[in-house]
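> With the input below, show me the fold.
(chains A and B)
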Protein chains: 2
Amino acid sequence: MTKTISSLLVWFLSVLTNNLLAQKETSFIFTDAKQLTLIGKALSTDSFFHRIDTVAFPGIPPAVKRLLTHSAGLAISFETNSTRIAAKWCTSPQGPGNNMTAIAQEGMDLYIKRNGQWQYAGVARPSTHECNEFVVAAHMAPGDKECLLYLPLYDETLSVQIGVEAGARLTAKPNPFKKNILVYGSSIVHGASASRPGLAYPARLSRETGYNVINLGVSGNAKMEAAVAEMIATMPMDAFILDCVPNSSPEQVTERTANLVNTIRAKHPDAPIIAIQSIIREGGNFDESIANRVAQQNGNFLREIQELQRKDKHLYLVTAENLIGDDHEGTTDGTHPNDLGFDRMLQKIRPAVLEILGSHGI
Amino acid sequence: MTKTISSLLVWFLSVLTNNLLAQKETSFIFTDAKQLTLIGKALSTDSFFHRIDTVAFPGIPPAVKRLLTHSAGLAISFETNSTRIAAKWCTSPQGPGNNMTAIAQEGMDLYIKRNGQWQYAGVARPSTHECNEFVVAAHMAPGDKECLLYLPLYDETLSVQIGVEAGARLTAKPNPFKKNILVYGSSIVHGASASRPGLAYPARLSRETGYNVINLGVSGNAKMEAAVAEMIATMPMDAFILDCVPNSSPEQVTERTANLVNTIRAKHPDAPIIAIQSIIREGGNFDESIANRVAQQNGNFLREIQELQRKDKHLYLVTAENLIGDDHEGTTDGTHPNDLGFDRMLQKIRPAVLEILGSHGI
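Predicted coordinates:
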């Protein structure tokens, strides 16, 4: 009997110790991301995870306002010596569209700097459409790690907490990127159909050039409205990329392009403005209606930009030619570049940006 | 009063005419895909949309059986002169994992041959997890179109109907691909995280080489079990690609590789067998546990293959080196190549396959 009790006691202590050990190995100390550095905003806002304080711009369309609550292009900059990193985060209840992954839409991904390069370290996988917790990276070597955690592309982020092991240091880091480049555009800029947040093309452009590239993608709604042009013109940018042809009708392209460029130019007399034609939609490979519309959009845009370039020496054009390659495999759905299409866009846009900004001493 | 009645009558007739016209423009005549040609099966089955009749192979693990009900790699081959094509289809009620799009998991995509090349034409977007209807392509030029409609990658397909305009011809076409190459592998072969079905790498390899490449990807379950090896050996193939390292533990790699190769070889004395190391998981960039495991898997696989190659003159190895590039952007979640990673895999695997099969006169 005593032996049995003693055995039970040993068993109980063993279970307790194992549980405590397990807890020690898997537990995290969480810190609110609001105590760290948020990068990727065009303007500061009271709503931490919104891209813009749209209350300050009452004239912009409601759909644009709603989309600017999405955390596309935002990231948390921090440093830690933890050997594992977790995240707890909440988003709005919406789920992904049929052309995107849940990781891209409402999940997150982590990059760590190694030998001067930002390198993929892990994803925060959502398992529900609202609040989630996930171990993003584990079993890492000891030592300091400079981190960027990219927030959900196509959802409103409500809260983010970053977890590290007990006793580890977790501190805010300054924005690692210099000079501000705004990318105003459609769902393609917004990030559909990148497979995770860090693969949206403005985010890749930022990591690959060192510029602070800001995502002002507004899915389906980049229509160059006058109020949006005025909002953009107020932003403290060193350069502007305009990738807003896909959402504008051919007529809107003709009516609105000059106003957008001139409104920005009035406030930024020397800033490079880089205009990009729409990618040739693969949906128009056989659908002649789609093909004709894109040809009209791009034709009208070319005419407007060339006309503006006669007076504007800092206005540049990147054409659609070969922008997503020539094998027709670079989109998810005929409209939205997949990660292959984005890679090809970057192969054309990145050297153009580097050359143009370099020539301006930026 | 008479005037009002007359106006109402004109209005009513106008609405009626417009509705009839709209119906004529948008209505489709649907044909069951079972009347057309299904390609991509390793063996014929009674269950039209299942890859294998697993009843014939009682020894294979239940998880493998379940995954072989997924329609990964299957496509409908047909020809039509319709200027628009629609699809009605039903799948099981399951939805996509967090690393895949709904289009890839339970949707479809259409390719049409142009100038001897298969070219993207449209997607069938799911809006529910069960039965859907979608116009895949419209406003196409008149004339014959040779079509391939790829079925859902990660779901059991229950029915497919293809719609064309009234009066248009819709006929079965023979399989456009020649010679049979089986690709046995993990979720990477199965198609996670291709952004749509036609971008899974076996499908791209097929279109880009003209070989009939068959997808035997079994997500998470490509573990080279003896019963699976025996099933594979019964298949009437001209070549075999073994991309099954990612799911097998380092010990399983050592214990099972020789049996898999030798079991196939016993039934196919001259067929090329192309073994592929696991991609270097980007999840192991900082997680040393993941990195070590992949290194062990690949090290053990290399040893086994090299030992087998001493006696087997038709056994080839594609190494992991640079298989998904060197910028660490080629995966969705650290494990599964995105479309960029698949493109890089193909840049290495495609020339290897062409060279090896060419040297065998296949």
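
> so where's chain A shaky on pLDDT?
Along chain A, the parts satisfying pLDDT under 70 run over A:1-26.

> Secondary structure element for residue A:265, which one?
Element membership of residue A:265 [criterion: DSSP states H and E] is helix A:250-267.

> Is stretch A:313-325 in proximity to chain B?
No. Judged by Cβ under 8 Å from any Cβ of the partner chain, stretch A:313-325 and chain B are separated, with a smallest distance of 9.3 Å. Placement of C-beta: from N, CA and C, glycine included.

> Pull the residues that contact that stretch.
For stretch A:313-325, the external contacting residues (Cβ atoms under 8 Å, 6 or more residues apart in numbering or on different chains) are A:261, A:265, A:270-280, A:282, A:298, A:302, A:305-306, A:308-309, A:330-331, A:337, A:340-341, A:344-345, A:348-349, A:352, A:356, A:360.

> sorry, back to before: and the helix holding residue A:265, what does it pack against?
Judged by 3 or more Cβ pairs under 8 Å, 6 or more residues apart in numbering or on different chains; DSSP states H and E, helix A:250-267 is in contact with helix A:226-233, strand A:239-243, strand A:273-276, helix A:288-309.

> What lies in contact with the last one?
Translated: helix A:288-309. Residues from elsewhere that reach helix A:288-309 (Cβ under 8 Å, 6+ apart): A:245-246, A:248-251, A:253-254, A:257-258, A:261-262, A:275, A:277-278, A:280-281, A:283-285, A:315, A:317, A:319-320, A:334, B:138-141.

> Separate out the buried members of the contacts of stretch A:313-325.
By neighbour count, with 16 or more other Cβ atoms under 10 Å in any protein chain shown, these hold A:261, A:265, A:271-280, A:282, A:298, A:302, A:305, A:308, A:330-331, A:337, A:340-341, A:344-345, A:348-349, A:356 as buried.

> How much space separates residue A:209 from chain B?
Here the criterion is Cβ to the nearest Cβ, to the nearest Å. By it, residue A:209 lies 14 Å from chain B.

> which residues does that residue contact?
Neighbouring residues of residue A:209 by Cβ under 8 Å, 6+ apart: A:350, A:353, A:354.

> Return the subset of those residues lying in helices.
Using DSSP state H, the members of the contacts of residue A:209 that fall in helices are A:350, A:353, A:354.

> any idea which of those residues is closest to chain B?
Distance to chain B across the ones in helices among the contacts of residue A:209 (Cβ to the nearest Cβ) is lowest for residue A:350, with 12.2 Å.

> Who are the contact partners of the closest one?
Residue A:350 makes contact with A:205, A:208, A:209, according to Cβ under 8 Å, 6+ apart.

> can you rerun that using 10 Å?
Contact analysis of residue A:350 by Cβ atoms under 10 Å, 6 or more residues apart in numbering or on different chains lists A:201, A:204, A:205, A:208, A:209.

> Next, format those residues as CSV and append secondary structure.
Below are the contacts of residue A:350 laid out as CSV (DSSP: H, G, I helix; E, B strand; the rest coil):
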residue, secondary structure
A:201, helix
A:204, helix
A:205, helix
A:208, helix
A:209, helix
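
> Leaving out sequence neighbours, find the closest residue to the residue positioned nearest the centre of chain A.
When chain A is reduced to its mean C-alpha position, the nearest residue by Cα atoms, centre = their mean turns out to be residue A:73, at 2.5 Å. In space, and not counting its chain neighbours, residue A:73 is closest to residue A:215: 2.6 Å by Cβ to Cβ, 6 or more residues apart in numbering or on different chains.

> how close does the one you found sit to residue A:182?
In this view, residue A:215 and residue A:182 are 9 Å apart by Cβ to Cβ, to the nearest Å.

> Which one's more surrounded, those two?
When residue A:215 and residue A:182 are compared for neighbours, residue A:215 comes out ahead with 29 against 24, by other Cβ atoms under 10 Å in any protein chain shown.

> how about the helices in the stretch 101-250 of chain A?
Secondary structure of the stretch 101-250 of chain A (DSSP state H, counting those that start in this stretch): helices at A:102-106, A:187-190, A:201-209, A:226-233, A:250-267.

> Figure out which of the ones you listed is closest to residue B:67.
Nearest to residue B:67, of all the helices of the stretch 101-250 of chain A, is helix A:102-106, at 20.9 Å by Cβ to Cβ.

> Show me how far the closest one is from its chain's centre.
On the basis of Cα atoms, centre = their mean, to the nearest Å, helix A:102-106 is displaced by 12 Å from the centre of the chain it belongs to.

> and what of stretch A:292-309?
On Cα atoms, centre = their mean, the centre of stretch A:292-309 falls 27 Å from the chain's centre.

> before we move on, what about stretch A:93-109?
Relative to its chain's centre, stretch A:93-109 lies at 13 Å (Cα atoms, centre = their mean).

> again with stretch A:33-50
13 Å.

> Any chance you could give me that stretch in CSV, C-alpha atoms only?
Only the C-alpha atoms of stretch A:33-50 are listed here, as CSV (Å, rounded to 0.1, in the frame of the first residue of the first chain):
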residue,chain,number,x,y,z
ALA,A,33,2.5,45.5,-31.0
LYS,A,34,1.4,49.0,-30.3
GLN,A,35,4.5,49.2,-28.0
LEU,A,36,6.7,48.4,-31.0
THR,A,37,7.3,50.2,-34.3
LEU,A,38,4.6,50.1,-37.0
ILE,A,39,5.9,50.8,-40.5
GLY,A,40,4.2,51.2,-43.8
LYS,A,41,1.8,54.1,-43.1
ALA,A,42,1.4,57.0,-45.5
LEU,A,43,0.2,59.3,-42.7
SER,A,44,-0.1,58.8,-38.9
THR,A,45,-3.5,57.9,-37.6
ASP,A,46,-5.2,57.4,-34.3
SER,A,47,-6.4,54.0,-35.4
PHE,A,48,-3.1,52.1,-35.1
PHE,A,49,-3.7,49.4,-37.8
HIS,A,50,-5.5,51.6,-40.3
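
> how about it: buried residues?
A:33, A:36, A:37, A:38, A:39, A:40, A:41, A:42, A:45, A:48, A:49, A:50.

> which one of these is nearest residue B:60?
residue A:33 (46.9 Å).

> Need the phi and psi values for the closest one.
Per-residue torsions, residue A:33: phi -60, psi -20 (degrees, to the nearest 10).

> now swap in residue A:176 and tell me
Torsion angles, degrees, to the nearest 10, at residue A:176: phi -80, psi -10.

> Name the nearest residue to it, ignoring sequence neighbours.
Among residues not flanking residue A:176 along the chain, residue A:77 sits closest, at 6.3 Å (Cβ to Cβ, 6+ apart).

> Tell me how far whichever strand or helix holds the one you found lies from the chain's centre.
Residue A:77 is part of strand A:75-80, with elements assigned from DSSP H and E. The chain centroid and the centroid of strand A:75-80 are separated by 15 Å under Cα atoms, centre = their mean.

> What is that strand packed up against?
The contact analysis (3 or more Cβ pairs under 10 Å, 6 or more residues apart in numbering or on different chains; DSSP states H and E) places strand A:75-80 against strand A:37-39, strand A:108-114, strand A:145-150, strand A:157-164, strand A:170-172.

> Which one, of these, ends up nearest to residue B:234?
For the helices and strands packed on strand A:75-80, proximity to residue B:234 was assessed by Cβ to Cβ; strand A:108-114 is nearest, at 42.5 Å.

> in its sheet, what does that closest one sit against?
Applying DSSP bridges, strand A:108-114 is found paired with strand A:117-124 (antiparallel), strand A:145-150 (antiparallel).

> Residue A:65 is nearest to which of those?
Closest approach to residue A:65 among these (Cβ to Cβ): strand A:145-150, 22.6 Å.

> Show me which parts of the closest one are buried, residue by residue.
Of the residues in strand A:145-150, those buried (16+ other Cβ under 10 Å) are A:145, A:147, A:148, A:149, A:150.

> what's the angle from that strand to helix A:201-209?
Orientation check (axes from the mean of the first three to the mean of the last three Cα atoms, to 10 degrees): strand A:145-150 against helix A:201-209 gives 160 degrees.
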